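I'll drop the sequence and a predicted model, then ask my questions.
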Amino acid sequence: MRNDPRIRTVVGCTLLVIALGAGVTGCSSDGNPLSAEPYDAADQISFNGPTGDDRPADPDKPLEIVAEDSDGRITDVTAVDASGRYLAGELAADGSRWHSTSPLAADSAYTVRVSTEDGDGAPGRKVLTFTTGKPSTTKRLGVAFGPEAGTYGVGQPVTAELDAPVQDPAQRAVVERALKVESTPAVSGAWHWVDDKKLHYRPKDYWPANATVRVRSTLEGIKVNDRLRGGRAEPLTFGTGDRVIAVTDAAAHRLTVYKNGEAVKSIPVTTGKPGFETRNGVKVVLAKERSVRMRSSTVGIAEGSSESYDLNVSFATRVTWSGEYVHAAPWSVGSQGYANVSHGCVGMSTGNAQWFFETVREGDLVEVVNSDGDTMEPFGNGFGDWNLTWAQWREGSALVTGNPESAGPQEQARLRPQSV
């Protein structure tokens with residue numbers, strides 16, 4: 001190599017090839033070097049190992065770039081694959097070395113732009129290109145997003161179901177970083193690990209009314225661990241409707257529906273009586289069923305006892321998987337607005353129940369206050385996500401704490417209706 005000072009501004013590719021474990025498919029100047037006298041990339045770049053062939057680099061090895069000359073230093077490195085994903089990396093304080101800190105994607109083409117500076121402060125720039133091959137393992141981590149495409153209330157969380165468990169905090173960070181959620185209008189939000197195979201995403205506050213939410217994954221080909229790489233995931237787009245929040249005051253025996261901040265209807269109701277108190281807290285509408293058979297045996301009440309029941313219930317809006325609904329209760333009209341006599345559900349007249357049923361949609365919010373019952377669970381019995389403070393929610397993110405703990409059990413299978 002020549003001793004021209006300009007030559008010493010370039011970076012060496014020798015360690016780059018060693019670190020990747022295979023040849024780099026191309027290495028060239030970007031045609032617009034920053035130095036006053038452009039240098040010939042062919043003279044300045046050398047490779048250790050196979051060159052001039054199509055052998056891909058090993059995606060399981062980190063990318064490393066080292067300055068060849070002690071008088072020069074690296075000032076910046078960007079590495080981007082063909083799909084536009086940036087490779088995270090770390091530059092040494094003295095500019096002698098840059099290495100990747102996140103996994104490379106398999107079967108991808110990368111472009112690496114390296115900015116340098118010689119001992120006199122003269123800048124230079126190089127562009128390196130290489131491809132990665134297939135990983136040594138064929139196991140792919142599948143991701144399925146929810147809900148289905150459609151229009152939902154402003155309380156609807158986004159869900160991500162993995163088809164294999166991920167427990168290690170660093171591996172969770174790799175997965176979470178690749179799951180992208182964007183909305184118009186834009187809001188701040190975060191993922192929360194519910195368990196090893198499920199994540200929920202919610203904004204700091206509720207979604208804006210009439211918003212568009214887009215969910216996608218850039219995990220495909222990314223190394224999660226030595227035996228697992230990201231697979232393809234179908235993107236998801238859904239919308240939100242009006243901001244509808246129904247607040248039930250169990251002590252006042254009234255349910256008030258707010259639409260876009262305005263109270264539109266106040267309804268006399270009955271909630272759970274002693275021993276069957278309705279859960280306090282924020283719940284999300286899960287489903288709407290025009291007719292449901294509710295039986296006390298599903299909650300362990302013996303048939304024939306004074307508390308047993310077997311009823312066909314109309315206009316039932318479901319808010320928990322364990323059987324809590326807002327529904328028509330014509331048998332308790334005399335108590336509605338005055339006393340709590342149900343087995344945990346919010347009961348109202350048939351006419352009011354039909355209006356409520358036709359007004360709300362999945363994802364709308366039903367909040368209960370002033371009940372003597374327990375607080376709605378964050379996970380496992382529906383969407384209780386909003387009962388965690390924003391600080392508590394962020395603690396479940398691998399990108400915030402680096403050591404998330406499961407915040408609750410995996411959501412239960414849907415149970416038969418049980419409360420009236």
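Done, it's in. Numbering: from 1, shown residues only.

ok, now which ones touch residue 238?
147-152, 156, 212-213 (Cβ atoms under 8 Å, 6 or more residues apart in numbering). Backbone N, C-alpha and C define where each C-beta goes, glycine included.

Could you pick out the buried ones from those?
Among the contacts of residue 238, those buried by neighbour count (16 or more other Cβ atoms under 10 Å) are 147, 152, 156, 213.

follow-up on the earlier one: among the contacts of residue 238, which are located in helices?
Among the contacts of residue 238, no member falls in helices (criterion: DSSP state H).

farthest pair in those?
148 and 212 (15.2 Å; Cβ to Cβ).

how about low-confidence regions in the stretch 301-420 of the chain?
Scanning the stretch 301-420 of the chain for pLDDT under 70 picks out 302, 306-307, 401-420.

quick one: which of the buried ones among the contacts of residue 238 is nearest residue 250?
Nearest to residue 250 among the buried ones among the contacts of residue 238: residue 156, at 24.7 Å, using Cβ to Cβ.

Which residue comes closest to the closest one once chain neighbours are left out?
By the measure of Cβ to Cβ, 6 or more residues apart in numbering, the closest residue to residue 156 outside its immediate chain neighbours is residue 363, 3.1 Å from it.

Am I right that that neighbour is in contact with residue 154?
Yes: if you go by Cβ atoms under 8 Å, residue 363 and residue 154 touch, sitting 7.0 Å apart.

Please identify every residue contacting each of the two.
Common neighbours of residue 363 and residue 154 (Cβ under 8 Å, 6+ apart) are residue 240.

So residue 354 versus residue 168, what's the distance?
For residue 354, the distance to residue 168 (Cβ to Cβ, to the nearest Å) stands at 51 Å.

just checking, next helix/strand downstream of the helix or strand containing residue 311?
Using DSSP states H and E, residue 311 sits in strand 310-318. Later in the chain than strand 310-318, the nearest helix or strand by DSSP H and E is strand 325-328.

who's in contact with that next one?
With Cβ under 8 Å, 6+ apart, strand 325-328 has contacts from 246, 255, 292, 313-319, 345-350, 352-354, 356, 366, 417, 419-420.

ok, that strand: who's next to it in the sheet?
The pairing partners recorded for strand 325-328 under DSSP bridges are strand 310-318 (antiparallel), strand 346-348 (parallel).

closest to residue 373 among the contacts of residue 238?
Set against residue 373, the nearest of the contacts of residue 238 by Cβ to Cβ is residue 156 (23.9 Å).

Relative to residue 189, how far out is that closest one?
For residue 156, the distance to residue 189 - Cβ to Cβ - is 12 Å.

got it, and residue 157?
In this view, residue 157 and residue 189 are 9 Å apart by Cβ to Cβ.

quick one: which of residue 354 and residue 168 has more around it?
With neighbours defined as other Cβ atoms under 10 Å, residue 354 and residue 168 compare such that residue 354 has more, 15 against 12.

Spatially nearest residue to that one, not counting backbone neighbours?
residue 315 (4.9 Å).

can I assume residue 292 is in contact with residue 310?
No: distance between residue 292 and residue 310: 11.8 Å, which falls outside the contact criterion (Cβ under 8 Å).

got the buried residues for stretch 197-214?
Neighbour-count burial for stretch 197-214 flags 198-203, 206-209, 211, 213 (criterion: 16+ other Cβ under 10 Å).
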